[in-house]
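Peer 1: Below is the sequence, then the predicted model.
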Amino acid sequence: MNKFLLSFIVVCLAGSPLLGQDAVSFKADIAPILINHCLACHGPKKAEGGYRVDTYERFLREGDSGVAAITAGDHDDSESLRRIKSEDEFERMPLEGESLASAEVELIERWITAGAKYDSEDPTSPLATIVPAPTHPAPPEAYPRSVPITAVAFNPDGSQVVTGGYHEVVLWNAADGTLVRRIQNVGQRTYAVRFSNDGQHLVAAGGAPGRLGEARIFNTESGKLVTVLGTTSDVILDVQFNPTGDRLAVAGADSTIRIFEFPAGNLVRTISSHSDWIMAIAWDNEGKRLASASRDKTAKLFDVETGELLVTYSGHSNPVKGVAFHPDNEHIYSAGGDNKVHWWKAADAKKAGELGFGGEVYKLERNGGVITASSADKSIRQIDAAAQKEIRNYGGHADWTLSSAFHEGTKRIVGGAFDGAVKIWNTEDGAEVISFVAAPGVK
Amino acid sequence: MQLSKLRKTIFLTVMSMLMLQGPFVQAQDAQLDRIEVYPAEVRLAGVREQAQLIVTGHYTDGSIQDLTRVATISTGNADVVTVSGTVAHPVANGEATLNIDVDGKATAAKVIVENQDKPQPVSFLYDTLAALSKNSCNAGACHGSPSGKGGFRLSLRAFDPKLDELTLIREDFGRRTNSLDPENSLLLLKPLMKVAHGGGRQIRADDPAYDVIRDWISEGCKMDAADTARPVKIDVYPKSGRVLKKPAVEQQLSVWAHYSDGSVRDVTKLAVYSSSDVEVADVSRNGLVEGLKRGEVAVVVRYLEFIESSFITFIEDVENFVWSDPQVNNYIDDAVDQKLKQLKYLPSDLCTDEEFIRRVYLDVIGILPTLEEVTTFAADQDPEKRDKAVDALLDRPEYSKFWALKWGDLLRLTSGQVTNEGVYKYYRWVERSFRENKPYDQFATELLTATGSTFSNPAANFYRTSKDMNDCVETISQVFLGARLQCAKCHNHPFERWTQDNYYGMAAFFNRVQRKNTKRANEMFIYVSQSGEVTQPRTQQQMKPWVPGQGDIENPNEFDRRLDFASWLTQSDNPFFAKIEVNRIWSQVFGRGIVEPADDFRDTNPPSNAVLLDQLAKDFVDNGYDRKQILATILKSRTYQTSYQPNDFNEDDTKYFSHYQPRLLSAEQLLDAICHVTQVAESFSGLPAGTKATHLPAPDLVNNEFLKIFGQPERQTVCACERTNESNLSMAIQFFNGPLIYGKLKDENNSFRKSITDGKDDGQIITLLYNLAVCRNPSDTELKASLDHIASKEDRVEALEDICWAILNTNEFLFQH
């Protein structure tokens, strides 16, 4: 069994009824077993035997055989358990895989005996959304090699830069690149880091490719985990606070945008319109509309209050990877796989202009009047958001740049690259201030 | 210690006794004479190297068996090399001997181990991509499809490593690989089904490919260093000549890649295997071949873009089989018999004279013999009469017309493509080539190098139907090289050795051909410009003209590069040219090529009798590419003249020509045959009265429903497969109550009505119909049944209509047999 699974299960089982005789919880005890051992073959992508376990409701349903998987209260009569315990290797589940541990089998038995009850809200919710947030493994003490810098941000006063690492986010001194602090218990990869308006909270959004997506809210001061929002089965690619800071929009590989109250964490609205991953989102200047960039080759604009789709922009004809509002609130910038930044009218999605890059363009980060863009052409561009003009091209990275940010107060731009390098420039003269590899302990 | 050693010895002895049972069972009469190991010496120059050993037993009766799996292989120095199963693995630098023992016979292999003190990084190009190919990740139905699958796209069979590098390492922020925790990479979790994967489980943690991918990721997903040695060829062992007799039908293969630095590596575990005939033999992922029934198979081995085959013959004892020493007319029969004898098939007896005359008329001139021809032949007592009939037929004018029809298909003679006026000229050119028996090399050269007006030089129409460079490459390769190159236009051929470079290299012979309309209506002028290069669309490289086997043409004839191609093609040692034409001719008269389909020569589709094909090709070349001569040789062979009736020892043979395979007449033959039996000609508007269907210059000059239903091709492609003889419901309906047959049966001047007028009696008329349709007299039973039918009917003519209709519906009429 691989390390990740092991640690995942250990975490899930800690304090669980495995040791004592407490009631078995579906969401905390059973769902993780299903996710780790069963879901790959019995899920929405592949439903072997016409049987799925991706929700509680489906787990109980019968498959093609017509035999119900579970007979509540009678584990001897439960088909799923019989197949798990079978001695016949052609019948035993998981087929061709390692058998379940006896402790896991016992948990399932006890849960069935106790009535096979559901202990979350909606029995049709995907399992990934109901399991308690796991405690993630620790990052490497010293990185054997760097990781792509998929997320960077300045802290509110611009003194520090935060980067996404491997199972952590790392804070660095923005003046000299020295390590300030490592915040752990973060998903495998982080695709966006944001500070709340008051700077008290830090959001790290990401997950493990193909397995988990989530947005983790930490107390900036203490580094403690406050809450986990938007848990899903593949990575979260962007999070954005609204201008007033009381809403957090979360979007990613599940093709939806979810809007949460912040910091309360209640889900306010889910917007499902894209047909592929959402790579980036942006609030308008008044917090009334949300723009999104998707791998489905469109950018879209939604009314936040109603969730209604306002317009769709298809001008890229390629995956769209970045999006930002114009300061006039009437135009939207979007960028993507066509190696261009476009700007277009929010009212009718008519293209108004474009700016060419030498490679695909990733997220567009707007801060005040400045938009920064990272690109496979290895540059970071500073764009005057109001004038739709490139102000400066920051070269020097040796690899694709994947993330960027601008800090108005210190007039600094930061760019993170695929090779793990982070560079900070002074926008007043374009000079490079500092360059370092953002992987603690890497040689 | 002693005890455990003893136990181990006992265990091994028992195990080897158990394991030995299999291969020794059938060798009751023969003793194991000696054993041989391959490779006898091997260099393992890196920590990742290994050597698949193959142990072969030679028996006193001359037979051989693969004993790899029963041999005891032990290392002479476990500090240098170890053996797991049948594979040697290096441990530390040094030299050691591997001792191999089977049933008291021993041999040894020398192993030199080097570079164990140095890292050996996984090569992205030659290991990782090969591992993905091995597991079919980049197959056309999976992530190798042009749009990928599930958002993950690889180049088809790794033909574009640059794209794969981007996709695997960079796309979506490096989502697929995790070099800090390699086993947690999506690239491995998905095919393991630890994460849901639309393609299901495709890899196991104990697969060699798994180790390769994981190690490549753990090394940081590195690209190859610029000086990395690249593979230049592969060898497979055993290559050919293996004859395995049931029940010893297993054969382990090993595959060795040779690199640009002179090194050789065992790539058995990364090669991909496929069987050319899955009914004859199966091959496992690891290169273990298992025979299923007697026959021959090419096991195609593929490593990256390199392809080689291992040819294995499987034989078995057939109860009561006795070779009958059948009549041998010429070398064809010798070659066929050699194969039949080995595989224990007995050829059928010779066909009857009635069958022969019908068969050979249909094959040489496309039409049925007249009543006089049938009776004269039957009466002829000359023992050479069949040979004489062949020679006479080849001199008939219908020969050139019928074979021009066949080539008309290949050259796409249609008025739609070369205009009405043009198609007659082109047809006459082709027909005259056959009439004058123009040597085939000259025929091909005239087509390939044609220039000028399509009216004054009709061969120039070749470049009118081949409309552009791509069309030229695909047409010429299929017609003259027997290779279907269409795939290689966009990517390396997924199963064959043709690469995208090859496609555009060939194109560089033909890209300068220019076509322009002249002032004369319907005329086109073909010429060659003196400049213009071909750019390979993927690599953007300018291509030199290239031919298979020889490679780039360094100093092409810049006046007309096609001359270089034609001279290469028609050289006497060209590996394709003569073989493809003799095979095509063979397939025309046997209904099946020695390579089948006849225009699909490839490693995965070996000839059913390579010796026969080689000898025919040699004969053809030696006789100056004389098509009549080779056709005559084929028709005079006993093999051609065997009965269609199988015997107890060849019933299930469809590949080795032990008996004649009946086949439905072609559309044109059938229409002519119906006209022949009813003596009512078909009229084609715009063409002279009496024109036979087999003499039509182009299908689109007429609009004949019957011909279309029976598979007359539209000639839109050069593929021989466009002419289909698969039966379908429309065909059956045509014969039930189709207007064409109905019209001829009702015709006031048809054969039986004329006979009535001429005062013939019923018996004479029935005999006439049988002779016209199937070249023989009716049997007593047939005659009686017919006469009874006439007696039972009030209307004699109607009764004869019924009888004629019934004869037309017999298989004996419909099929060439």
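Peer 2: Okay, I see it. Numbering: from 1, shown residues only, chains lettered A, B, ... in the order given.
Peer 1: which residues touch residue 92?
Peer 2: Went with chain A since none was named. Contact criterion CB atoms under 8 Å, 6 or more residues apart in numbering or on different chains gives A:83-86, A:99 as the residues in contact with residue A:92. Just so you know, the C-beta spots here come from the backbone N, C-alpha and C atoms, and that holds for glycine as well.
Peer 1: try again with chain B
Peer 2: B:79-80, B:113, B:116.
Peer 1: and if you look at residue B:506?
Peer 2: Applying CB under 8 Å, 6+ apart, we find residue B:506 in contact with B:473, B:476-477, B:485, B:545-547, B:565.
Peer 1: State the three-state secondary structure for it.
Peer 2: When classified by DSSP: H, G, I helix; E, B strand; the rest coil, residue B:506 comes out as helix.
Peer 1: List phi and psi for residue B:173.
Peer 2: The phi and psi values for residue B:173, taken as degrees, to the nearest 10, are phi 60, psi 30.
Peer 1: any idea how far it lies from residue A:190?
Peer 2: Spatial separation of residue B:173 from residue A:190 under the definition CB to CB, to the nearest Å is 10 Å.
Peer 1: repeat for residue B:617
Peer 2: Here the criterion is CB to CB. By it, residue B:617 lies 67 Å from residue A:190.
Peer 1: So these two - more neighbours on which side?
Peer 2: The neighbour comparison of residue B:617 against residue A:190 (other CB atoms under 10 Å in any protein chain shown) goes to residue A:190, with 30 against 22.
Peer 1: Quick one: residues in contact with the helix or strand hosting that one.
Peer 2: Following DSSP states H and E, one finds residue A:190 within strand A:189-195. Counting by CB under 8 Å, 6+ apart, the neighbours of strand A:189-195 from elsewhere in the structure are A:147, A:150-153, A:155-156, A:162-166, A:169, A:201-209, A:220, A:235-241, A:252, B:173.
Peer 1: Equivalent analysis for stretch B:209-217, please.
Peer 2: Outside of stretch B:209-217, the residues that reach it under the criterion CB under 8 Å, 6+ apart are B:122, B:124, B:127-128, B:130-132, B:134-135, B:177-179, B:182-183, B:185, B:187-188, B:203-204, B:222, B:269-270.
Peer 1: How many residues are close by residue A:381?
Peer 2: Neighbour count for residue A:381, taken as other CB under 10 Å: 25.
Peer 1: would you say it is within a strand?
Peer 2: Yes - counting by three-state DSSP, one finds residue A:381 located in a strand.
Peer 1: check contacts around it.
Peer 2: Applying CB under 8 Å, 6+ apart, one finds that residue A:381 lies in contact with A:355, A:357, A:372-373, A:375, A:390, A:392-394.
Peer 1: repeat that for 10 Å
Peer 2: Contacts here follow CB atoms under 10 Å, 6 or more residues apart in numbering or on different chains; on that basis residue A:381 touches A:335, A:341, A:355, A:357, A:361, A:364, A:371-375, A:390-394, A:401, A:404, A:413, A:415.
Peer 1: What about the residues you listed, which are in strands?
Peer 2: Judged by DSSP state E, strands contain the following of those: A:335, A:341, A:355, A:361, A:364, A:371-375, A:390-394, A:401, A:404, A:413, A:415.
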